[in-house]
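Novice: Model the following, please.
(one chain, ligands or ions: 1)
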Amino acid sequence: MNADDQKRACGEAAALLVKPGMTVGLGTGSTAAWFVRALAARKLDIVGVPTSVATAELATSLGIVIKDLDEVSAIDLTVDGADEIGPALALIKGGGAALLREKLVWEASKRCVVIADAAKRVPLLGKFPLPIEVVAFGHKTTMARICDALTECDLGVAPRLRVKDGASVKTDGGNLIYDAACGRIEEPALLAAALKSVTGVVDHGLFLDLADMALVGTPDGVVTLEP
Ligand code: 5RP
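Specialist: Numbering: from 1, shown residues only. As a prediction, the model looks like this:
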């Protein structure tokens with residue numbers, strides 16, 4: 001199976017975890033989109049809570065009933081992709097700039113399942129640049145303070161403002177993204193705390209102790225991982 005086949009296979013496997021009556025967090029990205037398509041094809045009586053405008057549009061177009069996070073009392077299961085899956089299912093997310101809504105939905109969920117192709121598994125987080133979402137006001141000042149926080153964590157990297165087609169990328173919440181090419185994140189919890197302590201940082205793409213299970217597509221089929 002190539003990477004896209006692997007994404008599709010784990011999205012389809014995750015859709016089988018959904019039971020009628022569930023409220024389901026719908027992730028963002030190409031792998032999560034396979035999950036949303038497979039879920040829609042099952043035509044279950046469920047409610048979806050999308051983690052981005054893009055996922056909301058996809059889910060609605062496929063006939064899935066969606067609600068906002070604040071309209072549901074609980075989320076039974078969230079299924080979402082990742083940019084890196086490290087030891088203990090520590091993750092880097094946010095390649096699709098949806099990390100804030102994703103984390104809000106993940107944290108409100110009883111169970112979170114991450115789905116990804118085999119290339120996303122890493123022995124140590126950090127090769128994928130860590131997305132950091134910041135408010136637009138004073139973002140260069142915030143970036144300088146992020147650099148200090150990274151230096152405190154022995155990560156001497158200068159985050160780069162995410163730009164697409166010549167314009168800075170705006171998240172669904174109107175914020176900006178800086179990507180920090182850390183290389184090796186030896187102590188993700190320390191880094192997560194240091195980044196959150198910077199005023200102007202809304203959130204970052206480290207998802208620690210949140211994933212309950214991973215379904216990873218491999219050339220030979222889907223494998224299940226637990227923390
Ligand atoms: C979006 C994300 C995505 O889940 C992550 O970027 C993986 O995307 P893909 O499934 O397209 O590889 O975190 O913010």
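
Novice: Check the separation of the first and last residues in stretch 82-100.
Specialist: 13 Å (Cα to Cα, to the nearest Å).

Novice: Which parts of this protein belong to which domain?
Specialist: The chain breaks down into these domains under automatic domain parsing: 3-121+208-220, 130-199.

Novice: Next one: Tyr178 from Val202, what distance?
Specialist: Distance, Tyr178 to Val202, using Cβ to Cβ, to the nearest Å: 11 Å. No exception for glycine: its C-beta is placed from N, CA and C like everyone else's.

Novice: what's the closest of the domains of the chain to the ligand?
Specialist: Proximity to the ligand (Cβ to the nearest ligand atom) singles out domain 3-121+208-220 among these, at 2.8 Å.

Novice: could you give me the average pLDDT of the closest one?
Specialist: Domain 3-121+208-220 comes out with an average pLDDT of 98.

Novice: sorry, back to before: have a look at Tyr178 and Val202 and say which one is more surrounded.
Specialist: Legend: neighbour count by other Cβ atoms under 10 Å for Tyr178 and Val202, higher for Tyr178 (24 against 18).

Novice: Verify the stated contact: the more buried one with Pro129.
Specialist: No: Tyr178 lies out of contact with Pro129 (Cβ atoms under 8 Å); the separation is 9.1 Å.

Novice: what do the two both touch?
Specialist: Taking Cβ atoms under 8 Å, 6 or more residues apart in numbering as the criterion, Tyr178 and Pro129 both touch 159-160.
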